[in-house]
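In: pasting the sequence and the predicted model now:
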Amino acid sequence: MVPSLKLCEHTFQVIVRSAELSGSRNLGSSNLHDQKIILKKELPHDVMCSTLLHEVMHMVADLNSIELGEQDIDNLAIGVLSLIRNNKELIDYISKEVV
Ligand SMILES: [Zn+2]
């Protein structure tokens with residue numbers, strides 16, 4: 001897992017740990033104020049990736065004061081994960097700095 005990620009003007013620390021997260025069914029958590037994303041250590045790779053994107057979608061929503069339900073967040077995360085995984089050329093194209 002990456003140690004941090006940049007999102008807009010923010011840098012979020014990404015922490016993977018086995019400690020209990022609030023709520024027994026939570027796979028991850030995030031906090032805009034602390035600028036931290038916490039992921040459960042025991043997650044399989046695919047679930048780790050979708051959970052990270054789920055938490056990123058929460059941060060995007062929070063940064064823009066958009067109220068979304070957990071299902072909305074999940075659907076966005078799954079869509080973005082599919083986009084990233086299936087469009088490497090697009091990701092390379094988008095990632096290029098404009099000069
Ligand atoms: Zn959530």
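Out: Structure's in. What do you need? Residues are numbered from 1 along each chain as shown.
In: packing partners of the lengthiest helix in the chain?
Out: Ranked by residue count, the top helix of the chain under DSSP state H comes out as helix 45-63. If contacts are counted by 3 or more CB pairs under 8 Å, 6 or more residues apart in numbering; DSSP states H and E, helix 45-63 sits against strand 4-7, strand 10-17, strand 28-31, strand 36-40, helix 70-86. Where C-beta positions appear, they are placed from N, C-alpha and C, glycine not excepted.
In: make it 6 Å
Out: Packing contacts for helix 45-63, counted by 3 or more CB pairs under 6 Å, 6 or more residues apart in numbering; DSSP states H and E, involve strand 28-31, strand 36-40, helix 70-86.
In: which one of these lies closest to residue 57?
Out: Residue 57 lies closest to helix 70-86 among the helices and strands packed on helix 45-63, at 4.6 Å (CB to CB).
In: residues contacting that closest one, please?
Out: Residues outside helix 70-86 that contact it (CB atoms under 6 Å, 6 or more residues apart in numbering): 50, 53, 54, 57, 58.
In: could I get those as a markdown table with pLDDT, neighbour count and distance to residue 80?
Out: Listed next are these as a markdown table, based on pLDDT from 0 to 100; neighbours: other CB atoms under 10 Å; distance: CB to CB, whole Å:
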| residue | pLDDT | neighbour count | distance to residue 80 |
| --- | --- | --- | --- |
| 50 | 96 | 20 | 9 |
| 53 | 98 | 20 | 5 |
| 54 | 97 | 24 | 10 |
| 57 | 97 | 22 | 7 |
| 58 | 96 | 21 | 13 |
